[in-house]
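**Q** the sequence and its predicted three-dimensional model are supplied below.
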Amino acid sequence: MAILDSKLTRDATFAQRAAHWREKLDALEAGAAEIRLGGGEQRIAKHRAKGKMTARERIERLCDDGGDFLELCLWVAHGFYEEHGGAPAAGVVTGLGKIHGRDVVVVANDATVKAGAWFPLTCKKVLRAQEIALENRLPIVYLVDSAGVFLPMQDEIFPDKDHFGRAFYNNARLSAEGVFQMAAIMGPCVAGGAYLPIMSDEAHIVEGTGSIFLAGAHLVKAAIGESIDNEELGGAMVQCDVSGVVDHRHPDDESCLRKIRAQFAQLADPERAPFARQAPLDPRYDAEELYGVLPVDRTRPYEMREVLARILDGSELEEYKATYGETLICGTGWIDGWAVGIVANERSIVERRTGTGASDKELQIGGVVYSEAADKGARFIELCNQKKIPLLFIQDVTGFMVGSRAERGGIIKDGAKMVNAVANSVVPKITLFVGNSYGAGNYAMCGKAYGARFLYAWPSASIAVMGGEQASKTLVGIQLKNRGEDVGEEEKQELLARIQRRYADAMDPRYAAARLWVDAIIDPTQTRSVLSRSLAATACNPRIPDFKTGVLQT
């Protein structure tokens, strides 16, 4: 394979870029640390006073030593539900852990946040965790400690297709597909929520703190006049020894989690996808240098190959059609020993030869997908499906080329061809947002709507219909269109500034993460380890259907 030779220099520009992105990362980590506190120190203390571990402590005891838990969707609900006091991480912790070396999905209610109640985005986050388990055939462990639906918002949680009931639908599908589900009832498990652990394949309960019933003591009194406390109604002794609803009971959290670990040691080894592997090689360049690659101004060009040189094994890439459709880099390489097909937007300005003469050239703007780039991308995606090579999309795309020349060249046809190939791709797809992700470029480069198994963002990522400057000017133009010439320049500038501020907030990667458009915001230096972990998870599903596409314009 060809080695990607770095031309990066540690000059003043490099230092300025590195300082900027480290500062951004520090701010993100400070916010993440606050989110991990859940309901805050006081509520954590009250929670522990009941003899209970916190959600993250339970996950730490459940998973193997070494801190190998990859938390997903941490920023979900960031900026939401402020009128109700907020819901850090949507009141539930999810991610990929390892139990005896086996990848598992973990879902743990955080009872320090509104007693673990389900908000609308809690539901969406749990469904995402189940989707990851189903797509990758990963066992899933539910650590249940929840007061059920957050009643003030019940109309946004209860009846629709992707609301609360979909979790139990997924329980049934996961079990039918042979994806093992284990549940531990470690706190309240109320009403409809009682079905989630009992529709799992096996269920545990903790004495004194765990309880499960369709209606709690207050509702039972109101409904049928019976006076009874929650422990007598649906505590561990009742539901394990009398009703037989639960399979195992334990005196405390510690023993419950220890038993689950012991049971996981007995699970049969899974079949794996036949993806190519070889001994890993470190990149030739330091991952820390990634901080100095991306410009602070997202409109400025840079070399995407500098990014790839710090992610790929040995900094090696076997490029596909390297001199054709140059605003899209396609090629095969290895990440921590896993074979991958790379589809990445080139952000430097490139020259394209348009004729036979040395002067017959035109400049192509980096980050824009031209017709030949889309055609090349579609063909490469087809090849990776034929070869059974997982795909990694690295997005820094401002969209497809526009204008009369592009339209006459069939840009819509070629763009549709690439979108078709992405949509019908059957090998695992992982998407990394390193910069812009605008318009239909988001779709062609495998945005959330296109079935990526995992999606990650750097602090530099921005997802929107179009760039902030273009969008704000377009919106101002629309709003002022019918007001004539009576609008002064000062008013125009005020309106423009207001729209730009609002748009800038929406282009922050935390905005995307809060809405589950991405699974995590990651430190660029951790990219290789996160991608390797994700590729290993995708390989747990051995089923690769035949690749087919529908009607393609040629």
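**A** Received the coordinates, thanks. Numbering: from 1, shown residues only.
**Q** for the stretch 251-400 of the chain, what spans make up the helices?
**A** For the stretch 251-400 of the chain, the helices defined by DSSP state H, counting those that start in this stretch occupy 253-264, 304-308, 371-387.
**Q** can I get those in JSON lines with distance to Cys123?
**A** Where you see a C-beta, it was placed from the backbone N, CA and C, and this is true even at glycine. Formatted as JSON lines, those follow (distance: least, Cβ to Cβ, whole Å):
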{"stretch": "helix 253-264", "distance to Cys123": "24"}
{"stretch": "helix 304-308", "distance to Cys123": "36"}
{"stretch": "helix 371-387", "distance to Cys123": "33"}
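**Q** okay if I get these as JSON lines plus mean pLDDT?
**A** Converted to JSON lines, the helices of the stretch 251-400 of the chain look like this (pLDDT from 0 to 100):
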{"stretch": "helix 253-264", "mean pLDDT": "98"}
{"stretch": "helix 304-308", "mean pLDDT": "97"}
{"stretch": "helix 371-387", "mean pLDDT": "97"}
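**Q** quick one: end-to-end length of stretch 205-221, please.
**A** By Cα to Cα, to the nearest Å, the extent of stretch 205-221 from end to end equals 25 Å.
**Q** so how far is stretch 105-123 from its chain's centroid?
**A** Centroid separation for stretch 105-123 versus its chain: 18 Å, with Cα atoms, centre = their mean, to the nearest Å.
**Q** and Lys7, which of the helices of the stretch 251-400 of the chain is closest to it?
**A** The closest approach between Lys7 and any of the helices of the stretch 251-400 of the chain, judged by Cβ to Cβ, belongs to helix 304-308 at 7.5 Å.
**Q** quick one on the thing from earlier: ranking the helices of the stretch 251-400 of the chain by burial, who's on top?
**A** helix 304-308 (a mean of 23; mean count of other Cβ atoms under 10 Å).
**Q** so what secondary structure elements neighbour that helix?
**A** strand 328-335, strand 338-345, strand 391-397 (3 or more Cβ pairs under 8 Å, 6 or more residues apart in numbering; DSSP states H and E).
**Q** on that earlier part again, closest to Asp396 out of the helices of the stretch 251-400 of the chain?
**A** helix 304-308 (7.0 Å).
**Q** okay, the closest one in CSV with CA atoms only?
**A** Only the C-alpha atoms of helix 304-308 are listed here, as CSV (Å, rounded to 0.1, in the frame of the first residue of the first chain):
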residue,chain,number,x,y,z
MET,A,304,-7.8,15.2,4.5
ARG,A,305,-4.8,12.8,3.9
GLU,A,306,-3.1,14.4,6.9
VAL,A,307,-6.1,13.1,9.0
LEU,A,308,-5.9,9.7,7.4
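**Q** use 28 as the first number from now on
**A** In the new numbering, first residue 28, that becomes helix 331-335.
**Q** looking at the helices of the stretch 278-427 of the chain, which is closest to Leu178?
**A** With Cβ to Cβ as the measure, helix 280-291 is the member of these nearest Leu178 (27.3 Å).
**Q** residues near Pro329, how many?
**A** Quick fix: residue 329 is Tyr, not Pro. By other Cβ atoms under 10 Å, the residues close to Tyr329 number 21.
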